[in-house]
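Colleague: Please find the sequence and the predicted model below.
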Amino acid sequence: MPSHLKSVGRDVWRAVWAAGGGAYSPDTDRNIILRYAELHDRRASLLAAVDNDGLMTVGSTGQPAVHPAMRYVESTERELRAIETVIGFTPEARMRLGIVAAEARRVAAGPEDF
């Protein structure tokens, strides 16, 4: 695990490799999974700033405005969704990619687990 990842990124790093069930190659997939974990760290930092400062702030002319960090949260989430599609973290992407690692977990879990 890369040492520069923060708590959220480390958790994501572990979860992605575990969820992959061997579907990911450390040689070829490491960088995209690293980027995914880094983006989660960025999102967590941005949301912490918003939580600390409040969602609303005062704009340049005194009007109420959404915290400026929210723009970066939204762009970070777009990047996360794009990577989730590539690595098979949506039901549609898993079907398209033919990833069956989740199937074993689904069979073991009942509907009440979702």
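Modeller: Nice, thanks for sending it over. Residues are numbered from 1 along each chain as shown.
Colleague: What is the neighbour count of Pro3?
Modeller: If you look again at residue 3, you'll see it is Ser, not Pro. Ser3: 5 surrounding residues under other CB atoms under 10 Å. Where C-beta positions appear, they are placed from N, C-alpha and C, glycine not excepted.
Colleague: That should have said Arg10, apologies.
Modeller: Neighbours of Arg10 (other CB under 10 Å): 16.
Colleague: what sits against it?
Modeller: Each residue near Arg10 by CB atoms under 8 Å, 6 or more residues apart in numbering is listed here: 1, 37.
Colleague: what's the distance between it and Val86?
Modeller: 21 Å (CB to CB, to the nearest Å).
Colleague: Repeat that for Val73.
Modeller: Counting by CB to CB - Val73 and Val86 are separated by 21 Å.
Colleague: Going by residue numbers, what spans are strands in the protein?
Modeller: 56-58, 64-66 (DSSP state E).
Colleague: now for the first one, which elements pack on it?
Modeller: In this case it means strand 56-58. strand 64-66 (3 or more CB pairs under 8 Å, 6 or more residues apart in numbering; DSSP states H and E).
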